[in-house]
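In: model this:
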Amino acid sequence: MHRTKEIAYILSLGILFYAIVHFTLSISIENHSEEKIPVFKEARFELSAQPLTLIKELLSLEFFKVKDQSFINQLKQLNSSKKRLNQLDNIHIDFNKAMSVMLLDTPDVPTTLFHFSATDEVKQPVYGKHYIQVGRDVFYAPTHVLNPNQANWILEHVQWTMERIQAKQFVVRQNLGGEQVKGIIKWESNKLSYTTADQKTAPTVMLSPRYFHLSNDFPKAIFESIPKDYKLRNLFSSANHFSINYAGGKLTSDEQFPFAASFEVLIEYDNESSRNLAIERVKSDYDSLKWQENTVQFGTQRIFYTKTGLRTLYFCTDKRIFCPSGQPHIRTYPGAFMCQGDLKRLTNIENTGWAGLVLDMIPAFRASKELFDGTSKIVTTKEGFELTFKPGKDVMHELIHTLFVYGQE
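Out: Numbers count the residues shown, from 1 in each chain. Next comes the predicted model:
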């Protein structure tokens, strides 16, 4: 019986391999020279890649190394209709050209927008239900109908830049503090790195790193995305930098605050008055809590807070662990960004009991935990950061698996 299953498995792999090779070889492979990439000032985030090299890398990895049966089953379904592989709304996709995904921060167009090249060129703009095509350039809105006004907005606001995107590489653009910052994501078998030439080098006060550490300028876009009825929003209204050490969390019996995180954070504000105003607003918003000189009772936790400089505010969830002397461990670093430590801390939750079983039933949480548990370390470099996975873990497989789970949520 087991021998029959093995033979059937091998035969199915052979048939699938033939189909995949036939498909990938049907696309002529070109040398990746510089090509134009769309750029929007209104974009919060843009990611560009070479689809053909990415597909071949993914197929080779999953087919010959990881041999993930669930992924192979998904490929079988995808391969059931070859038309679906290289067509979108009857547009033939040119997989030799770069593709981009953009998250736009404007009410004028849908939030998510794709750009890709078509194999056939059109002489006049073509308006489809979800897309606009000009020449060979196609802008596609996957989740919304694209009306003519929105399509014209895209054509009026798009700018173009020339990029040479290599294999095993993503080009990333982010809007940080009103500035477009470009970065490069590269990966090897068990290592992923992010580099950028746009890092700020001005001396910055941060917490000394421990547990999982993250320091960065506070993006205004994140503040705008915080719901206005969320009371802690006022704490960040004029923040321009944050530094946090996160140790983990636990479930408590407190009905109002059932989750107790363990961390310390240092927030830098625009000026001293902005810092003082943020404190007063939070005290007013949470006037039912027990505020004392440097502490406040928050559920089962006694939060310690103190002013550490003219523009900074420090608070932690356990003074005995993080700053027993009353003064946090602070250092000055040459840049604004730092990320290092143990990623597993982010999904480390104690006292779960039966609730842990419930958490494991949430696909996104389980996938994130598996991803972080598979990492070895993350460190900051002069140009960005470097993430290393444990031996036997492959970067591309772990990321694709996680993204696929999130896509099903």
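
In: make it CA atoms for all contacts and neighbour counts henceforth
Out: Fine.

In: what sits against Gln133?
Out: Gln133 is in contact with 122, 125-127, 139, counting by C-alpha atoms under 8 Å, 6 or more residues apart in numbering.

In: what about 7 Å?
Out: 125-127, 139 (C-alpha atoms under 7 Å, 6 or more residues apart in numbering).

In: sitting in strands, which of the residues you listed do you find?
Out: 125-127, 139 (DSSP state E).

In: got CSV for those residues, with pLDDT too?
Out: Converted to CSV, the ones in strands among the contacts of Gln133 look like this (pLDDT from 0 to 100):
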residue, pLDDT
Pro125, 92
Val126, 92
Tyr127, 92
Phe139, 96
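
In: so which of these wins on neighbours?
Out: For those, the largest number of neighbours (other C-alpha atoms under 10 Å) sits with Phe139, at 22 neighbours.

In: quickly list what that one is bridged to.
Out: Here Phe139 sits in beta bridges with His115, Ile132, as judged by DSSP bridges.

In: wait, isn't it in contact with Gly128?
Out: No - using C-alpha atoms under 7 Å, Phe139 is not in contact with Gly128; the gap is 10.1 Å.

In: could you give the bridge partners of the spatially closest residue to Ala49 that is not a sequence neighbour?
Out: Nearest residue to Ala49, sequence neighbours excluded (C-alpha to C-alpha, 6 or more residues apart in numbering): Phe170, at 5.0 Å. When assigned by DSSP bridges, Phe170 has beta-bridge partners Ile185.

In: burial check on Phe170, number of neighbours?
Out: Each residue near Phe170 was counted by other C-alpha under 10 Å, and the total is 21.

In: quick one: low-confidence parts of the chain?
Out: When residues are selected by pLDDT under 70, those of the chain lie in 1-32, 57-88, 176-178, 198-201, 221, 351-357, 403-409.

In: before we move on, back to that, got a list of what the residue nearest to Ala49 touches?
Out: Counted by C-alpha under 7 Å, 6+ apart, Phe170 has contacts 47-49, 184-186.

In: neighbour count and distance to Ser273 added to those, as a markdown table?
Out: Shown next, in a markdown table, are those (neighbours: other C-alpha atoms under 10 Å; distance: C-alpha to C-alpha, whole Å):
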| residue | neighbour count | distance to Ser273 |
| --- | --- | --- |
| Leu47 | 20 | 39 |
| Ser48 | 23 | 42 |
| Ala49 | 23 | 45 |
| Ile184 | 18 | 38 |
| Ile185 | 19 | 39 |
| Lys186 | 17 | 43 |
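
In: in CSV: these, plus distance to Thr317.
Out: Below are the contacts of Phe170 laid out as CSV (distance: C-alpha to C-alpha, whole Å):
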residue, distance to Thr317
Leu47, 37
Ser48, 40
Ala49, 42
Ile184, 36
Ile185, 34
Lys186, 36
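
In: just these now: which is nearest Thr106?
Out: Leu47 (17.8 Å; C-alpha to C-alpha).

In: beta partners of that closest one?
Out: Residues in beta-bridge contact with Leu47 (DSSP bridges): Val101, Val172.

In: hmm, back to that, what about the residue nearest to Ala49, distance to Phe365?
Out: Distance of Phe170 to Phe365, given as C-alpha to C-alpha, to the nearest Å: 25 Å.

In: Gly183 now?
Out: Gly183 sits 27 Å away from Phe365, taking C-alpha to C-alpha as the criterion.

In: who has more neighbours out of these two?
Out: Gly183 (19 against 16).

In: excluding its backbone neighbours, what's nearest the more buried one?
Out: Leaving aside its chain neighbours, Gly183 sits nearest to Thr196 (4.4 Å; criterion: C-alpha to C-alpha, 6+ apart).

In: could you chop this protein up by domain?
Out: With domains defined by automatic domain parsing, the chain comprises 31-187, 195-395.

In: need the distance between the two termini of the longest one.
Out: For domain 195-395, the first and last residues are 17 Å from each other (C-alpha to C-alpha).

In: make 671 the first number, not 1, from now on.
Out: Yep, numbering from 671; the last one is domain 865-1065 now.

In: tell me how far it is from the chain's mean position?
Out: 17 Å (C-alpha atoms, centre = their mean, to the nearest Å).

In: kindly report the same for the shortest one.
Out: Per C-alpha atoms, centre = their mean, the displacement of domain 701-857 from the mean C-alpha position of its chain is 17 Å.

In: all the helices of the stretch 971-1079 of the chain, in order from the start?
Out: 989-992, 1024-1030, 1033-1043, 1065-1077 (DSSP state H, counting those that start in this stretch).
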